[in-house]
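**Q** Turn this into a model:
(one chain, ligands or ions: 3)
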Amino acid sequence: MNKYINDNKDRFINELLDMLRIPSVSADLKFKEDVLRTAEFVKQRLAEAGADHVELYETAGNPVVYGEKIVDPSLPTVVVYGHYDVQPADPYELWNSPPFEPVIKDGKIYARGACDDKGQMYMHVKAFETMVQTGNLACNVKFMIEGEEEVGSTNLATFVKENKDRLTGDVILISDTGMLGNDTPSITTGLRGLSYVEVEVTGPNRDLHSGLYGGAVANPINILCQMIASLHDENNHITVPGFYDNVQELSQEERAEMARAPFSLDKYKQALELGDVHGEAGYVTMERNSIRPTLDVNGIWGGYTGEGAKTVIASKAYAKISMRLVPNQSSEEITGKFKRHFESIAPKSVKVVVKPHHGGEPVVTPTDSVAYQAASKAYEETFGVKPIPVRSGGSIPIVAMFKSELGLDSVLMGFGLDTDAIHSPNEHFGVFNFMKGIETIPLFYKHFAELKK
Ligand code: BES
Ligand code: MN
Ligand code: MN
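**A** Ligands and ions are numbered 1, 2, ... in the order given. Predicted coordinates for the structure are as follows:
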């Protein structure tokens, strides 16, 4: 297989670059046509790679690309999940080259979606092509590539519920996470859940002169800041009542095990140009960003932000707030608790509205499963070292549903790096990582089929 992969390396990369040229931003309806073109692109490439029954399944939102290859019903079936939508590319001016005009520089592919998730999803299409072309497809395979991951996968949830018969299999295989480093491979064994809300604080019924009214009426921006500041105490614990009720605490052994993963606080601070790190008392950085729940303001606005000064007390102030959840918190429950608390701390001088957005449940994947072992062996063969299990702080909202609706565990074989700048300007993906993924994935199929026997 390695010969086939090497012989076709340039074509594999060029096809990925072609896909990266289509701006499939799911958050912005302006890109709807491009999103649909990307779905068509994936459909076409899957069919060419050898998948059968390749189809676009319409949803209330963007279509799901489905395709399968059933080589032998007695073999195990791998269900591959990925997403072809990408995050918005703004702010464009911070990109060194345009986000939808991919370039390869110093061995890295620069473009929005290069790593998250077009590059990683496409590794599966090319690994599949390689297995088909060289007669090495050791498992049945079903592809489910969606176009709304970056906006919460609400319509995929419906698709999954309505297509349980079609989606039977033995494991879900996903490359939409990262690994610790190119010489320290890791397998992601957990994802945080998400509650996301938008809050609106209204003071007076219109914008007011800040001299004539200042000091006498509530300024919704001041109030919003106070309310937000009160959501953490002096130990950086979240003050929403009941927030930690169901949080699963890790044992000292589990925490000691986690601490064995290589991590340098100095390098971490240096990379982000931080004077110091920050977070919940009693936990270290690697715990704060993976096994602990959080509450963060993602955006805050109101009043006058144009050039110069305008003396005004705004009528309204807004913020978008995300809460990352860990087992066994529930997104719906936490959203409810937040809403009740936030409304209850509002002074009478303002009105507060809390609007829930999408959410997702946390997951932890088993490390004693056949699928995990198969993935571990695959990495060990291509990287020369055994991968480390690591719980990630990010979220992939549909993964918990694969378990609850389909009864399937997921294996998160990520090949990205934290430094790949996903969701940020200058997102990139190493050519090394792309090719390593294509090499490693077929070995997962091979070991999974063998271990399943
Ligand atoms: N692929 C990421 C999630 C991710 C990245 C997990 C790296 C672990 C390591 C995914 O596309 C993503 O960005 N998810 C969003 C959630 C979504 C509802 C917007 C997230 O985590 O913010
Ligand atoms: Mn992703
Ligand atoms: Mn993403």
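**Q** Look up the residues forming beta bridges with S410.
**A** For S410, the beta-bridge partners under DSSP bridges are I172.
**Q** mind checking how far it is from L180?
**A** 19 Å (C-beta to C-beta, to the nearest Å). C-betas here are computed from N, CA, C, even on glycine.
**Q** what does E150 give?
**A** On the measure of C-beta to C-beta, E150 and L180 end up 24 Å apart.
**Q** of these two, who's got more company?
**A** Neighbours were counted for E150 and for L180 using other C-beta atoms under 10 Å; E150 has more, 20 against 16.
**Q** SS state for the more buried one?
**A** Using DSSP: H, G, I helix; E, B strand; the rest coil, the structure places E150 in helix.
**Q** wait, isn't it in contact with R112?
**A** No: E150 is beyond contact range of R112, at 10.7 Å (criterion: C-beta atoms under 8 Å).
**Q** any shared contact partners between these two?
**A** 86-87 (C-beta atoms under 8 Å, 6 or more residues apart in numbering).
**Q** pLDDT of stretch 125-141, averaged?
**A** For stretch 125-141, mean pLDDT is 98.
**Q** Can you point out the buried residues in it?
**A** Of the residues in stretch 125-141, 125-132, 137-141 count as buried by neighbour count, 16 or more other C-beta atoms under 10 Å.
**Q** Quick check: E149 vs ligand 2, distance?
**A** For E149, the distance to ligand 2 equals 5 Å [C-beta to the ion, to the nearest Å].
**Q** Now that residue: closest residue in space that isn't a chain neighbour?
**A** With sequence-adjacent residues excluded and distances taken as C-beta to C-beta, 6 or more residues apart in numbering, E149 is closest to H83, at 3.6 Å.
**Q** list the contacts for the one you found?
**A** By C-beta under 8 Å, 6+ apart, the contact list for H83 reads 117, 121, 145-150, 176.
**Q** now with 6 Å?
**A** Applying C-beta atoms under 6 Å, 6 or more residues apart in numbering to H83 gives the contacts 117, 146, 149.
**Q** Bridged to the second one, which residues?
**A** Going back to what we said before, that points to E146. H83.
**Q** Give me the neighbour count for the closest residue in space to N235 that isn't next to it in sequence.
**A** In space, and not counting its chain neighbours, N235 is closest to A281: 3.9 Å by C-beta to C-beta, 6+ apart. When neighbours are counted by other C-beta under 10 Å, A281 registers 9.
**Q** just so I have it, where are all the helices in the stretch 301-450 of the chain?
**A** Using DSSP state H, counting those that start in this stretch, the helices of the stretch 301-450 of the chain run over residues 331-344, 370-383, 399-406, 431-452.
**Q** Contact partners for whatever residue of the stretch 201-350 of the chain ends up closest to ligand 2?
**A** Proximity to ligand 2, evaluated over the stretch 201-350 of the chain using C-beta to the ion, is greatest for R324 at 15.2 Å. Going by C-beta under 6 Å, 6+ apart, R324 touches 192, 293-294.
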